[in-house]
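Undergrad: sequence below, structure please.
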Amino acid sequence: MADGLVAQVWSGRLIYFLCAGFLLFLSLVPLGFTPRFLPRPDLLLGLTFAFMLRRPDFTPFWLIAIIFLLSDILLAQPVGLWTAIMVVTAEFVRTQEYRFRELAFPLEWLFVTGTIFLALLANRIILSMSMVPVAGFGSVMLHFIVTVIAYPVVVFLCFFLLRIRKITPDEAIRYGHRL
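TA: Numbering: from 1, shown residues only. Sure thing, here's the model as predicted:
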């Protein structure tokens, strides 16, 4: 019985890692050579929150740290800053996961929207305080809006393609989660 649970958790972690790697690959591949009006949504962020609010045991902090550190390096961002913000944000979301098990999706979407906004704000404040050039506020807000609009699509794909669903109270007891 316990071996089945461990295998399920590790297979879920592998699925998250492979999906995150695929999204990182997509962000590196040039999909067009003409300038675009809308920025690409941060699907890795949406994937992390979707997994975190459905199966927090599939996304331990060390896996999130590895993926976002790799993202920082590959996407030429300040190494470690977004990783640290995402680890702290993900752990905050993990502590709130039990509240969203029985609630409707719009409330979850609102929570994720606020959390993404605070993470982007923290990133911008820290970069500004360290005198690093930052993108314009309008472009950051446009990126935020596109990411928030893409979140339901990510959740839909996680549910129907990956079969990642919220845990039930019975599963929460079995996995040792908070009720």
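
Undergrad: state the distance from residue 53 to residue 145.
TA: 20 Å (Cβ to Cβ, to the nearest Å). The way it works is simple: take the backbone N, C-alpha and C, and place the C-beta from them, glycine included.

Undergrad: what number of residues lie near residue 78?
TA: Residue 78: 13 surrounding residues under other Cβ atoms under 10 Å.

Undergrad: whoops, I mixed them up, residue 51
TA: Around residue 51 there are 28 residues (other Cβ under 10 Å).

Undergrad: now name the helix or strand holding it.
TA: According to DSSP states H and E, residue 51 maps onto helix 43-54.

Undergrad: quick one: contacts for residue 13?
TA: 58-60, 63 (Cβ atoms under 8 Å, 6 or more residues apart in numbering).

Undergrad: would you list those in TSV and tack on pLDDT and distance to residue 103?
TA: Below are the contacts of residue 13 laid out as TSV (pLDDT from 0 to 100; distance: Cβ to Cβ, whole Å):
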residue	pLDDT	distance to residue 103
58	88	20
59	90	20
60	91	24
63	94	26
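
Undergrad: and of these, the nearest to residue 162?
TA: Using Cβ to Cβ, residue 58 is the member of the contacts of residue 13 that sits closest to residue 162, with 10.0 Å.

Undergrad: quick check: residue 174 touching residue 5?
TA: Yes. Residue 174 lies in contact with residue 5 (Cβ atoms under 8 Å); the separation is 7.1 Å.

Undergrad: just the helices in the chain please.
TA: 2-28, 43-54, 61-74, 81-96, 105-129, 137-160, 169-175 (DSSP state H).

Undergrad: and the ones you listed, which one's lowest on average pLDDT?
TA: Ranked by mean pLDDT, the helices of the chain end with helix 169-175 at the bottom, a mean of 70.

Undergrad: for residue 53 and residue 145, indicate the residue with more neighbours.
TA: Each of residue 53 and residue 145 has its neighbours counted (other Cβ under 10 Å); residue 53 has more, 23 against 14.

Undergrad: residue 61 versus that one, what's the distance?
TA: Residue 53 is 15 Å from residue 61, where distance means Cβ to Cβ.

Undergrad: what is the burial count for residue 45?
TA: Residues lying near residue 45 (other Cβ under 10 Å) number 26.

Undergrad: C-alpha coordinates for stretch 99-114, CSV please?
TA: Extracted in CSV, the C-alpha atoms of stretch 99-114 (Å, rounded to 0.1, in the frame of the first residue of the first chain):
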residue,chain,number,x,y,z
ARG,A,99,-8.8,25.9,1.9
PHE,A,100,-9.3,25.4,-1.8
ARG,A,101,-10.2,21.7,-1.9
GLU,A,102,-13.9,22.3,-1.8
LEU,A,103,-14.2,25.8,-3.2
ALA,A,104,-15.2,26.8,-6.7
PHE,A,105,-12.6,27.5,-9.3
PRO,A,106,-13.3,31.3,-9.6
LEU,A,107,-12.1,31.7,-5.9
GLU,A,108,-9.0,29.7,-6.7
TRP,A,109,-8.4,31.8,-9.7
LEU,A,110,-8.7,35.0,-7.7
PHE,A,111,-6.3,33.6,-5.1
VAL,A,112,-3.8,32.7,-7.8
THR,A,113,-4.2,36.2,-9.4
GLY,A,114,-3.4,37.9,-6.1
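
Undergrad: that's all I had, so thanks and see you.
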